[in-house]
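Q: no sequence on hand, only this structure:
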């Protein structure tokens, strides 16, 4: 894992951000995944339960930005991703956030 971090929110929950290699071999090279959960352990468990393998958070080198926190808090699943910016690249034009099911190739739930 290239970078990751977390931010504890005032009401006690956390937002965890991780840069991971894309689970889809033909997809983007690296992805930035955001998870909103009760604590760091639960956030990582949510990712492992989706089949993303052994994900770990060591340190707090790349915590989520305020914009990232807002994005994940406003998503109903609390679990989103987008292509990770290249190292040293200006983050001026950003891709929109996607639900995690689009990365994993799962169909959208029917109402």
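A: Good, I have the coordinates. Note that the coordinates shown come from a computational prediction; the quantities given were computed from them, not determined experimentally.

Q: how about the longest helix along the chain: buried residues?
A: Looking across the chain with DSSP state H, the single longest helix is helix 40-49. By neighbour count on 16 or more other C-beta atoms under 10 Å, the buried set for helix 40-49 is 43-44, 46-47. Where C-beta positions appear, they are placed from N, C-alpha and C, glycine not excepted.

Q: turn the residues you listed into TSV, including pLDDT.
A: Below are these laid out as TSV (pLDDT from 0 to 100):
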residue	pLDDT
43	93
44	92
46	92
47	89
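
Q: hmm, back to that, what residues does the longest helix of the chain touch?
A: Helix 40-49 has contacts (C-beta atoms under 8 Å, 6 or more residues apart in numbering) with 6, 14, 16, 18, 33, 35-37, 54-57, 79.

Q: return the distance of it from the chain's centre.
A: 11 Å (C-alpha atoms, centre = their mean, to the nearest Å).

Q: what residues of stretch 4-17 count as buried?
A: When burial is assessed from 16+ other C-beta under 10 Å, stretch 4-17 yields the following buried residues: 4-7, 13-17.

Q: most widely separated two among the contacts of helix 40-49?
A: 36 and 54 (21.1 Å; C-beta to C-beta).

Q: so for the two, which residue has more residues nearby?
A: residue 36 (23 against 8; other C-beta atoms under 10 Å).

Q: can you confirm the more buried one is in a strand?
A: Yes - applying DSSP: H, G, I helix; E, B strand; the rest coil, one finds residue 36 inside a strand.

Q: from what I can see it touches residue 74, true?
A: No - applying C-beta atoms under 8 Å as the test, residue 36 and residue 74 come out as separate, 9.9 Å apart.
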